[in-house]
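Peer 1: give me coordinates for this.
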Amino acid sequence: MSQVLVCIDYTGYEASLEPSKIYLAIKDECAERSGDVRIVDESDEDYLYSKKRFVPIAVPAAVKASVRRRVAA
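Peer 2: Numbers count the residues shown, from 1 in each chain. Purely as a prediction, here's the structure:
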């Protein structure tokens with residue numbers, strides 16, 4: 001299950017992340033054990049970032065579907 005997150009720290013990743021932007025996290029158990037999260041970023045590729053850079057948010061199903069469509073496009 002994917003999770004919707006908001007970026008709160010993009011230091012050092014200014015070309016890949018945007019502050020306060022909503023991102024979709026892709027389920028990656030290995031990354032989670034390491035304290036990371038797999039995010040689809042501005043390049044439309046998925047990369048690992050520290051979980052500390054993001055805060056999970058609860059969003060309505062329609063918003064989550066919209067984020068998924070943006071990522072899939």
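Peer 1: which one's the longest helix in the protein?
Peer 2: helix 61-72 (DSSP state H).
Peer 1: please save the CA atoms from that one in CSV.
Peer 2: Output in CSV follows, covering the C-alpha atoms of helix 61-72 (Å, rounded to 0.1, in the frame of the first residue of the first chain):
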residue,chain,number,x,y,z
ALA,A,61,-9.3,8.7,-1.5
ALA,A,62,-9.8,11.1,-4.4
VAL,A,63,-6.6,13.0,-3.6
LYS,A,64,-4.7,9.8,-3.2
ALA,A,65,-5.9,8.6,-6.6
SER,A,66,-5.0,11.9,-8.2
VAL,A,67,-1.4,11.6,-6.8
ARG,A,68,-1.2,8.1,-8.1
ARG,A,69,-2.3,9.2,-11.6
ARG,A,70,0.3,12.0,-11.6
VAL,A,71,3.0,9.5,-10.7
ALA,A,72,1.9,7.0,-13.3
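Peer 1: quick one: the strands in this structure?
Peer 2: For the chain, strands defined by DSSP state E occupy the ranges 3-7, 22-26, 36-40, 46-50, 54-56.
Peer 1: what's across from the residue nearest to residue 36 when sequence neighbours are not counted in the sheet?
Peer 2: Excluding the flanking residues, the one nearest residue 36 by CB to CB, 6 or more residues apart in numbering is residue 48, at 4.5 Å. In short, each C-beta sits where N, CA and C put it, glycine included. For residue 48, the beta-bridge partners are residue 38 (DSSP bridges).
Peer 1: turn the strands of the chain into TSV, columns for mean neighbour count.
Peer 2: Formatted as TSV, the strands of the chain follow (neighbours: other CB atoms under 10 Å):
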stretch	mean neighbour count
strand 3-7	18
strand 22-26	19
strand 36-40	21
strand 46-50	16
strand 54-56	15
